[in-house]
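A.B. asks: A structural model of the following input is requested.
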Amino acid sequence: MRLDPIKIVEYDARWPALFEEQRRRVEPVLREYLVQPIEHIGSTAVPGLPAKAIIDMAAVVREYAECAAAFDALASIGWLTAPEPGDQQALKWSLCYPTVERRSHHLHIFEQGPGSLRTLLAFRDHLRSDPVDRAEYARIKRELAAADDEDRPAYRAGKAPFITGVLTKLGV
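C.D. replies: Numbering: from 1, shown residues only. Next up is the predicted model:
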C-alpha cells in the first residue's frame, strides 16, 4: 500500500544524479536481459518541470518472463517488486526502491517491441523542448494533486487527455 501522498514539488537539479546512481546499480543486474540502456523517464527527467519526487526509470528486455530471474539479485540491492494494475497485460514489471510504500525510485521493465517506451520517450523529449506544454502539464499536475493527493487513478486519468493530445500532435 502506498503511504506517500501525491505531492508535486519544484524541479530538483539532483534528480538526474539520483537516476544515474540507481542506473549504475540496476543495469549490471539486468545486463543479460536488456536490449538498450536504462532511460530516465517521467517528470523528474524534464528539467524545470515540477513533479512527484519519484525517479522513474525504464528498462527494455528481450522477454517479459525471463527477466524475473533477476528479481532476487535486484532485491539484494534494495529493489522490490510492486505490481501495478495492467502490468501483466502490458508485459511490464514494476519495481520500487527502497520500499513500495515510500519509494524514491520506480523501475518500469518493458518487453521489447512496439509500445510504451517509445511513447514515454517522445513525451519526455517534447516536454524538454516545449516550455508552453511543460508549463501546462505542471499546472494540470498541481491541480490534480491539490484536488485529492491520495487518488492515484484519478490523478493518472486527469493527466491522460493532455498526454494523449501531445502524443497526437507528435504523431506518436
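
A.B. asks: Strands of this structure, start to end?
C.D. replies: In the chain, the segments counted as strands under DSSP state E are 39-41, 55-61, 80-81, 92-97, 105-111.

A.B. asks: Show me the one of those strands that comes nearest Val172.
C.D. replies: Proximity to Val172 (CB to CB) singles out strand 39-41 among those, at 14.1 Å. Any C-beta I mention is one placed from the backbone N, CA and C, and that applies to glycine too.

A.B. asks: on that earlier part again, any chance of the strands of the chain in a markdown table, with mean neighbour count, distance to Arg14 and mean pLDDT too?
C.D. replies: Conversion of the strands of the chain to a markdown table gives the following (neighbours: other CB atoms under 10 Å; distance: least, CB to CB, whole Å; pLDDT from 0 to 100):
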| stretch | mean neighbour count | distance to Arg14 | mean pLDDT |
| --- | --- | --- | --- |
| strand 39-41 | 20 | 13 | 98 |
| strand 55-61 | 23 | 10 | 98 |
| strand 80-81 | 16 | 23 | 96 |
| strand 92-97 | 22 | 16 | 96 |
| strand 105-111 | 23 | 13 | 96 |
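
A.B. asks: Which one of these lies nearest to Ala122?
C.D. replies: Across the strands of the chain, Ala122 has its closest neighbour in strand 39-41 (10.7 Å, CB to CB).

A.B. asks: circling back: would you mind saying which of the strands of the chain lies nearest Arg128?
C.D. replies: strand 39-41 (11.0 Å).

A.B. asks: From the chain's centroid, how far away is the closest one?
C.D. replies: From the chain centre to the centre of strand 39-41 is a distance of 7 Å (CA atoms, centre = their mean, to the nearest Å).

A.B. asks: If you count contacts, what does it end up packed against?
C.D. replies: Applying 3 or more CB pairs under 8 Å, 6 or more residues apart in numbering; DSSP states H and E, one finds that strand 39-41 makes contact with helix 15-30, strand 55-61, helix 116-129.

A.B. asks: okay but Trp93 is in contact with Ala70, surely?
C.D. replies: No - look at Trp93 against Ala70 with CB atoms under 8 Å: they stay out of range, at 9.8 Å.

A.B. asks: Quickly compare the helices and strands packed on strand 39-41 and say which is most buried.
C.D. replies: A comparison of these by mean neighbour count, using mean count of other CB atoms under 10 Å, puts strand 55-61 on top with a mean of 23.

A.B. asks: and stretch 44-59, how far apart are its ends?
C.D. replies: End-to-end distance of stretch 44-59: 16 Å, with CA to CA, to the nearest Å as the criterion.
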